[in-house]
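In: Following is a predicted model, sequence given first.
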Amino acid sequence: MLSLKRIRMTDFSKLMEKAKEIESKMKESQENIKKIEVEGVSGADDVKVTLNGEGTMISIKISENVLKEEKVIIEDLITAAHNNAKSQLKSKTAEEISKASGNFGIPGFKWPL
């Protein structure tokens, strides 16, 4: 009975070590994600939107050619560029998360974007 308790404590200790390792890697991953910047484009690069790792738009660039267009077209181009950037951000974020969690087998883990 005593040896069974020792085995359980050893397993628990290993589990706790693994949890601390995961926590450390996830914190590092979160810091790396904050540093990500992605640029989404639309309209043959006439509209460019840059998002940071938290999904905040940090810049938008609109070419002079686009400003001659109708308002609804400009709005659509901005929306398309933003969606393009958001898609890239999701991909880069998932990539970063998988670096941290890949070895630990966390099935179905998704970053909330």
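Out: Happy to help now that I have it.
In: drop to CA atoms for contacts and neighbour counts, all remaining ones
Out: Noted.
In: which residue sits closest to the residue positioned nearest the centre of the chain in space, ignoring its chain neighbours?
Out: Closest residue to the average C-alpha location of the chain: T93 at 2.1 Å, with CA atoms, centre = their mean. Closest residue in space to T93, ignoring its immediate chain neighbours: I33 at 6.2 Å, by CA to CA, 6 or more residues apart in numbering.
In: Go ahead and confirm that neighbour touches E96.
Out: Yes - judged on CA atoms under 8 Å, I33 makes contact with E96 at a distance of 7.0 Å.
In: Please spell out which residues along stretch 33-50 are buried.
Out: 33, 36-43, 46-50 (16 or more other CA atoms under 10 Å).
In: okay, the residues you listed in a markdown table with distance to T79 and secondary structure next?
Out: Shown next, in a markdown table, are the buried residues of stretch 33-50 (distance: CA to CA, whole Å; DSSP: H, G, I helix; E, B strand; the rest coil):
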| residue | distance to T79 | secondary structure |
| --- | --- | --- |
| I33 | 23 | helix |
| I36 | 20 | coil |
| E37 | 18 | strand |
| V38 | 15 | strand |
| E39 | 13 | strand |
| G40 | 10 | strand |
| V41 | 10 | strand |
| S42 | 9 | strand |
| G43 | 11 | coil |
| D46 | 13 | coil |
| V47 | 10 | strand |
| K48 | 10 | strand |
| V49 | 9 | strand |
| T50 | 12 | strand |
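In: In the protein, mark out all the helices, start to finish.
Out: 2-35, 64-67, 71-101 (DSSP state H).
In: and the longest one, how far from the chain's centre?
Out: Helix 2-35 sits 23 Å away from the centroid of its parent chain (CA atoms, centre = their mean, to the nearest Å).
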